[in-house]
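J.: Okay, here's the prediction I keep looking at, along with the sequence it came from:
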Amino acid sequence: MSNKEVEFIAIKWLEAFNAKKLDKLLELYDDAAEHFSPKLKIRRPETNGLVTGKAALRDWWQDAFDRLPTLHYKVRTLTACVDRVFMEYLRMVEGEEDMNVAEVLEIKDGKIMASRVYHG
């Protein structure tokens, strides 16, 4: 894939996430995709921060959307290459301090195979 095609997946990801369109978000992922997040590790310690598959992704994000109805990501930068995109965004939730976040999406055959979130 070209850098622009990979970047477009990240743009669609951010749009779906911010609109809380879970089905659109999940369409971007491979069925066996993995997702790692420090927030996941805290809220669900038994996962050690890692979930696999669309059902687990749906469960994780639906919980986040239900708990944090004002959750919104404001993109700062997108850096794409042929098989991944590095996203920097500001995590905003009403009543919480804004948080700088970095996330990597690994792409293969037009689908997200893995996503990893970094913040601290």
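T.: Cool, the structure landed.

J.: what's the spacing between whichever helix in the chain runs longest and its chain's center?
T.: In the chain, ranked by residue count with DSSP state H as the criterion, the top helix is helix 3-19. Centroid separation for helix 3-19 versus its chain: 10 Å, with Cα atoms, centre = their mean, to the nearest Å.

J.: buried residues in the one helix or strand in the chain whose mean pLDDT sits lowest?
T.: In the chain, no helix or strand scores lower on mean pLDDT, DSSP states H and E than helix 38-43, which sits at a mean of 92. Judged by neighbour count (16 or more other Cβ atoms under 10 Å), helix 38-43 contains these buried residues: Leu40. C-betas here are computed from N, CA, C, even on glycine.

J.: likewise stretch 98-114?
T.: Within stretch 98-114, the residues that qualify as buried are 101, 103, 105-107, 111-114, counting by 16+ other Cβ under 10 Å.

J.: cool, and stretch 14-25?
T.: By neighbour count on 16+ other Cβ under 10 Å, the buried set for stretch 14-25 is 14, 16-18, 20, 25.

J.: Alpha carbons of the least confident helix or strand of the chain, as CSV, please.
T.: Output in CSV follows, covering the C-alpha atoms of helix 38-43 (Å, rounded to 0.1, in the frame of the first residue of the first chain):
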residue,chain,number,x,y,z
PRO,A,38,-2.1,0.8,29.1
LYS,A,39,-5.7,1.8,30.0
LEU,A,40,-6.7,-1.7,29.1
LYS,A,41,-4.0,-3.1,31.4
ILE,A,42,-5.3,-0.9,34.3
ARG,A,43,-9.1,-1.5,33.8
